[in-house]
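Chemist: Have a look at this fold, sequence not included:
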C-alpha cells in the first residue's frame, strides 16, 4: 500500500493559489485542491476559474452543493475527483461519467455521515476520504471520534483511505495504525516556515 502526504490548496483567488503552490512545489508533486462554494460550507475556496500548473498531479475535494455539475465542467485538470457524498444526487451516474473520462473518483464522508451509505459503491471508488473535522476552513477542531471510521472501513475496503482535517504527525501515526494511507495536510504545512523539515516530521511514521 502506498502512503502519501498531500498538501491541500485552499485559496480565495489565483494569487493565493499560486503562493501556496510555489511554497510547496519543490517538495511535493501531488496536491489536493479544496473547492468550496460558500453554501455547502460557510467559506469559499477556489470558487473561480483557476489555472493549475502542469507537471503536478491534482485531486479535487469538492465541498459544494452540486458536485456533478462542477465535475462535468472542470474534470480535465484533475486525475482524481472527490465529492462529498451528502451532495451527490446520483452516485452511479457520477461513477459512470468519471470512468468514461478515464479519471478516478472518491467519496467524502463528513464527521456525521455513516460509512454504510457508501458501502454499495466501494468497488467503484479509488478512495474514500474521511473528514476528521467539520469542513470549511484551515485549523478546524480535530474530532477524534471520527477515527473509528478508518478502522471499520479498512476491514471491508482495500482501496485508498484518505484522512483530512487537523492532520499532524501524531494523528498520522494513529490513522496509519487504523488503516489510512493518504494524509491531506492543510494548516500544518501552510503555517510552516520550513517545508522540508515539516515534510520529514509528517513522514516519520510512514
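Modeler: Here it is on my side, so go on. Keep in mind that what you see is a predicted model, and the values were worked out from it rather than measured.
Chemist: Can you tell me who the residue nearest the centre of the chain pairs with across the strands?
Modeler: Residue closest to the average C-alpha location in the chain (Cα atoms, centre = their mean): residue 61, at 4.9 Å. Beta bridges link residue 61 to residue 34, residue 82, judged by DSSP bridges.
Chemist: ok, it touching residue 186?
Modeler: No. Applying Cβ atoms under 8 Å, one finds residue 61 not in contact with residue 186, separated by 10.5 Å. Every C-beta, even on glycine, is put in place using the N, C-alpha and C of the backbone.
Chemist: what ranges do the helices span in this structure?
Modeler: For the chain, the helices defined by DSSP state H cover 14-24, 67-74, 91-100, 148-156, 169-178, 187-190, 195-203.
Chemist: quick check: angle from the second one to helix 91-100?
Modeler: This points to helix 67-74. 20 degrees (axes from the mean of the first three to the mean of the last three Cα atoms, to 10 degrees).
Chemist: could you list every residue that touches residue 125?
Modeler: 95, 105-107, 118, 159 (Cβ atoms under 8 Å, 6 or more residues apart in numbering).
Chemist: Just the closest of the residues you listed to residue 45, please.
Modeler: Distance to residue 45, by Cβ to Cβ, is smallest for residue 106 among the contacts of residue 125, at 18.0 Å.
Chemist: wait, that closest one sits on residue 122?
Modeler: No. Counting by Cβ under 8 Å, residue 106 stays clear of residue 122, with 10.6 Å between them.
Chemist: ok, these two, which is more surrounded?
Modeler: Shown here are residue 106 and residue 122; by other Cβ atoms under 10 Å, residue 106 has more neighbours (25 against 15).
Chemist: How confident was the prediction at that one?
Modeler: At residue 106, the predicted lDDT confidence score is 99.
Chemist: try the one 5 residues further on
Modeler: At residue 111, the pLDDT value in this model is 94.
Chemist: Quick one: residues contacting it.
Modeler: Counting by Cβ under 8 Å, 6+ apart, residue 111 has contacts 131-134, 143, 145-146.
Chemist: Drop anything exposed from the residues you listed.
Modeler: 131-134, 146 (16 or more other Cβ atoms under 10 Å).
Chemist: Okay, buried residues for stretch 152-162 please.
Modeler: So stretch 152-162, judged by 16+ other Cβ under 10 Å, has buried residues 153-154, 157, 159-162.
Chemist: so what sits against both of residue 106 and residue 122?
Modeler: Counting by Cβ under 8 Å, 6+ apart, the residues touching both residue 106 and residue 122 are residue 128.
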